[in-house]
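Undergrad: Mind looking at a prediction? Sequence and model below.
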Amino acid sequence: MIGRLRGALVAKQPPWIVLDVGGVGYELEVPMSTFYDLPELGREVALCTHYAVKEDTVALYGFLRESERALFRALQKVSGVGAKISLAVLSGASVDEFARLILSGDLAALTRIPGIGKKTAERMLVELRDRVDGLGGGVPATIGGVAAPVDPVAEAGIALQALGYKPAEVSRLVREAAAPGDRAEEIIRKALKAALR
């Protein structure tokens with residue numbers, strides 16, 4: 001496995017770059033967050049890398065920051081998310097910005113990232129919420145020293161969909177069950193009771 005490369009930057013054409021390491025040119029795909037921070041051609045650069053082998057391809061991805069590589073890897077553990085969507089996330093938001101979107105349950109902002117539909121965004125919220133603190137250093141569990149706001153209604157809706165309820169049914173159940181000040185757990189409990197009647 002190739003975990004890190006250091007060499008001269010000899011070509012860059014988004015999203016691809018070529019890094020000359022001891023006379024060997026490594027072609028890497030990088031997110032735009034890395035691409036914009038690269039030095040000019042001919043300069044030396046060190047990149048964290050992710051080496052991926054699939055049935056028909058071998059790919060090498062490069063990142064200037066370890067936190068970007070950590071997020072790239074965490075995203076691919078979400079059902080239905082591959083390298084292309086992971087790169088789109090990193091190209092559209094910093095690691096800290098993405099963590100804030102997950103912690104605040106901002107479904108609308110997630111769906112504005114190219115390649116992410118509503119269902120994928122919902123899976124990201126459910127599957128990454130507990131892991132967002134470990135995304136490679138510097139991902140805050142708080143925003144400005146205050147706990148990140150979480151919308152209990154949205155959280156309850158995501159949980160009910162994860163249990164297999166249809167989106168239209170979830171909207172109705174959550175709307176009827178939610179009362180001002182309810183936590184997500186209370187909304188879920190009331191919605192499940194209503195669904196079983």
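TA: Good, I have the coordinates.
Undergrad: Need the pLDDT of residue 67.
TA: Note on residue 67: pLDDT of 89.
Undergrad: now it: how far from residue 33?
TA: 10 Å (C-beta to C-beta, to the nearest Å). Just so you know, the C-beta spots here come from the backbone N, C-alpha and C atoms, and that holds for glycine as well.
Undergrad: same deal with residue 65?
TA: 8 Å.
Undergrad: just residue 17 next, same as before
TA: 13 Å.
Undergrad: Kindly report the same for residue 6.
TA: 19 Å.
Undergrad: which one of those two has more residues nearby?
TA: residue 33 (20 against 11; other C-beta atoms under 10 Å).
Undergrad: List the contacts of the closest residue to residue 9 other than its chain neighbours.
TA: In space, and not counting its chain neighbours, residue 9 is closest to residue 45: 5.2 Å by C-beta to C-beta, 6 or more residues apart in numbering. Contacts for residue 45 (C-beta atoms under 8 Å, 6 or more residues apart in numbering) come out as 6-9, 19, 38-39, 64.
Undergrad: Residue 45 bridge partners, please.
TA: residue 7 (DSSP bridges).
Undergrad: quick one: low-confidence parts of the chain?
TA: Under the criterion pLDDT under 70, the flagged ranges of the chain are 133-151, 161-162, 167.
Undergrad: okay, now the domains of it?
TA: Using automatic domain parsing, the domain parsing of the chain gives 4-63, 66-146, 151-196.
Undergrad: Looks to me like residue 48 is in a helix.
TA: No: under DSSP: H, G, I helix; E, B strand; the rest coil, residue 48 falls outside any helix and is assigned strand.
Undergrad: hmm, back to that, against residue 63, how distant is the residue nearest to residue 9?
TA: Taken as C-beta to C-beta, the span from residue 45 to residue 63 is 11 Å.
Undergrad: Residue 37 too?
TA: Counting by C-beta to C-beta - residue 37 and residue 63 are separated by 10 Å.
Undergrad: neighbour count winner among these two?
TA: Neighbours were counted for residue 37 and for residue 63 using other C-beta under 10 Å; residue 63 has more, 22 against 11.
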